[in-house]
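Q: all I have is the shape, not the residue letters:
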């Protein structure tokens, strides 16, 4: 499973780490996902949700 927010769809972003000399190596910027128990569509379930959605109140935690 790819790490992706099940509410807003936020997912990993790819880019480069650039050293002081300019050499580049691949890196991944992963979203801050939390596995929380929520009430979604009238049912309790576990979901991977980013902290931005939790703070914005887009999910109702159990």
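A: Done, it's in. The model shown is predicted, which means the values in this text are computed figures rather than measured ones.

Q: C-alpha from now on. contacts and neighbour counts both.
A: Noted.

Q: list the contacts of the nearest residue to residue 10 once chain neighbours are set aside.
A: Of all residues not flanking residue 10 in the chain, residue 4 sits nearest, at 5.6 Å (C-alpha to C-alpha, 6 or more residues apart in numbering). When contacts are counted by C-alpha atoms under 8 Å, 6 or more residues apart in numbering, residue 4 touches 10, 11, 12, 31, 33, 48, 49.

Q: show me the contacts for the fifth one.
A: So that's residue 33. So residue 33 contacts 3, 4, 5, 48, 49, 50, 51 (C-alpha under 8 Å, 6+ apart).

Q: how far away from the center of its chain is the helix or strand bottoming out on mean pLDDT in the chain?
A: Of the helices and strands making up the chain, the lowest-confidence element is strand 60-61, at a mean of 88, by mean pLDDT, DSSP states H and E. Put simply, strand 60-61 sits 17 Å off its chain's centre (C-alpha atoms, centre = their mean, to the nearest Å).

Q: what of stretch 2-18?
A: On C-alpha atoms, centre = their mean, the centre of stretch 2-18 falls 7 Å from the chain's centre.

Q: stretch 50-62 too?
A: On the basis of C-alpha atoms, centre = their mean, stretch 50-62 sits 12 Å off its chain's mean C-alpha point.

Q: much appreciated, bye for now.
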